[in-house]
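>>> sequence plus the predicted model coming up.
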Amino acid sequence: MLDEGLLVIRLFLGIILAGHGVQKLFGWFGGYGIKGTGQWLESIGVKPGGFFAFLSGAAELIGGLLVAAGLYTTVGAWLIILVMLVAILKVHLKNGFWITANGIEYNLLIIATSVGLLLTGPGSFTLF
């Protein structure tokens, strides 16, 4: 059941991260799109906001889709890890650990899951 377990992990991680990406890029699912996300990024000192909104959204979308598909899983997992590390350093670290205070808990879980996929590989149920 190892391959089935890896498929479940990949699908949930990938689809959730791809969803975050389309929130940033297109404003879907209650997101703010590039303009709104860019304005927020600039308000926390990340400039140019629109450029970094696009980069983070694209990394989440592409990384999420690659992980979900099991296609170039290493690349997808690294894209996700990089976005989460930046989110921790720029937003969440100052708030402590717990998600209830906007801390690093959620981001660390995503990083740990991505590292797990880097260590195990995607399993046999993939699109390649």
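On my side now, so go ahead. Residues are numbered from 1 along each chain as shown.
>>> around the closest residue to Thr74 other than its chain neighbours, count how many other residues there are.
What sits nearest to Thr74 in space, not counting adjacent residues and going by C-beta to C-beta, 6 or more residues apart in numbering, is Leu118, at 6.2 Å. (Glycine included, C-beta is placed from N, CA and C.) Applying other C-beta atoms under 10 Å, we find 15 residues neighbouring Leu118.
>>> quick one: secondary structure of the nearest residue to Leu117 once chain neighbours are set aside?
Once flanking residues are discounted, Leu117 sits nearest to Ala77: 5.0 Å by C-beta to C-beta, 6+ apart. Applying DSSP: H, G, I helix; E, B strand; the rest coil to Ala77 yields a three-state assignment of helix.
>>> wait, Ala77 touches Leu119, no?
No - with contact defined as C-beta atoms under 8 Å, Ala77 does not count as touching Leu119 (9.7 Å).
>>> from Gly31, how far off is the residue nearest to Leu117?
From Ala77 across to Gly31, the span is 23 Å (C-beta to C-beta, to the nearest Å).
>>> list the contacts for the residue nearest to Leu127 when sequence neighbours are not counted?
Nearest-residue entry for Leu127: Ala69, 4.4 Å, with adjacent residues in sequence omitted and distances by C-beta to C-beta, 6+ apart. Contacts for Ala69 (C-beta atoms under 8 Å, 6 or more residues apart in numbering) come out as 14, 126-127.
>>> same question for Gly57.
Gly57 neighbours (C-beta under 8 Å, 6+ apart): 20-25, 34, 37.
>>> between those residues, which sits nearest Leu85?
Ranked by distance to Leu85 (C-beta to C-beta), those are led by His20 at 14.9 Å.
>>> many thanks, have a good one.
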